[in-house]
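Enquirer: turn this into a model:
(2 chains)
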Amino acid sequence: MASTSNAAATGAATRKFGLSRRRVSGPLVRLKTDAEFFDSLRKELLGRPDFEGKFVAVYKRQMVDSDPDQLALFKRMTEKCGDVPFFLGRVERRPVVKRIPSPRISRRAP
Amino acid sequence: MKYDKRYDPPAPVVRVRVANLASPSREAGDVAALIDTGADMSVVPAGLARQVALVPKGIVYVQGYRTGEAEPRPEYFVRITHDRHAVELPVVGDECPELLLGRDFLRHFTVRLDGPAQEFEMEPGSSSPS
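Expert: Next up, the predicted model:
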């Protein structure tokens, strides 16, 4: 039951992976440009074994770094650019959907 | 520790410190955090994200209790400290009322819940998760 529901959610997220086709608000607006750039790169990177499964850092519409370890990439990017909006995305065929089945989670993004 | 009776039914709640991992001096102390073993990731309420000036670094697709479809949420990086044991991790931002400690944080601890006694224990795990 849980896997069926998660598969449906993953499918929905996959169909809507492109932020340009999504309603975004609040903090996500600050990431939108770099997230869209990542989305445009994703197909190309998926065909490259040196990138598939890795995290990629995008800053000012440029891919600047990558690493299999998300936390290590975050620290390196913060050292390079400071605490500014940059986008870290994983090169994957379907975005992983995180299940947080708490009634305390809101309906809308902050 | 006793369950927090402000919840109905009472719930395991711990006090933690939350710091902006990019700027650790931006820290909130004595934050109430609900232990949520059903959550894949920990969740930071928007007010706390503003308090420690978190800047989003990614997008997490979240399937919640109310929404069948996955929705995008900002991803932040924080250091959460409980009883001198610090964990650095990505978390989800949401308009939820309190900090939720999901299994990404809890995997670093041994948690024992005693429902009948309404007590729990939480201590650093003896081995690090891979």
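
Enquirer: how far away is the nearest residue to A:Val84 once chain neighbours are set aside from B:Leu106?
Expert: Distances taken as Cβ to Cβ, 6 or more residues apart in numbering or on different chains place B:Val55 nearest to A:Val84, at 6.6 Å, with adjacent residues excluded. Heads up, the C-betas are built off the backbone N, CA and C, glycines and all. The spacing between B:Val55 and B:Leu106, counted by Cβ to Cβ, to the nearest Å, is 25 Å.

Enquirer: how about B:Ile80?
Expert: B:Ile80 is 11 Å from B:Leu106, by Cβ to Cβ.

Enquirer: thinking again about what came up before, what pLDDT is listed against the residue nearest to A:Val84?
Expert: B:Val55 is assigned a predicted lDDT (pLDDT) of 94.

Enquirer: sketch out the low-pLDDT regions of chain B for me.
Expert: Residues of chain B meeting the criterion pLDDT under 70: B:66-67, B:127-130.

Enquirer: center of it - which residue?
Expert: Centroid check for chain B by Cα atoms, centre = their mean gives B:Leu101 as the closest residue, at 2.6 Å.

Enquirer: for that one, name its beta-bridge partners.
Expert: B:Ile35 (DSSP bridges).

Enquirer: next one: B:Thr81
Expert: Applying DSSP bridges, one finds that B:Thr81 bridges with B:Arg17, B:Ala86.

Enquirer: ok, now which ones touch it?
Expert: By Cβ atoms under 8 Å, 6 or more residues apart in numbering or on different chains, the residues touching B:Thr81 are B:16-19, B:87.

Enquirer: quick one: the helices in the chain?
Expert: Using chain A here. Assigned by DSSP state H, chain A shows helices spanning A:2-15, A:32-46, A:70-81.

Enquirer: that's the wrong chain, I meant chain B
Expert: Taking DSSP H as the criterion, chain B carries its helices at B:46-51, B:103-106.

Enquirer: would you format those as JSON lines with mean neighbour count included?
Expert: Formatted as JSON lines, those follow (neighbours: other Cβ atoms under 10 Å in any protein chain shown):
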{"stretch": "helix B:46-51", "mean neighbour count": "17"}
{"stretch": "helix B:103-106", "mean neighbour count": "18"}
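
Enquirer: let's have these in TSV, adding distance to chain A.
Expert: Below are the helices of chain B laid out as TSV (distance: least, Cβ to the nearest Cβ, whole Å):
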stretch	distance to chain A
helix B:46-51	4
helix B:103-106	9
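
Enquirer: verify the stated contact: B:Glu123 with B:Leu106.
Expert: No - using Cβ atoms under 8 Å as the test, B:Glu123 is too far from B:Leu106 to be in contact (11.7 Å).

Enquirer: for chain A, what are the low-confidence residue spans?
Expert: In chain A, residues with pLDDT under 70: A:1-27, A:106-110.
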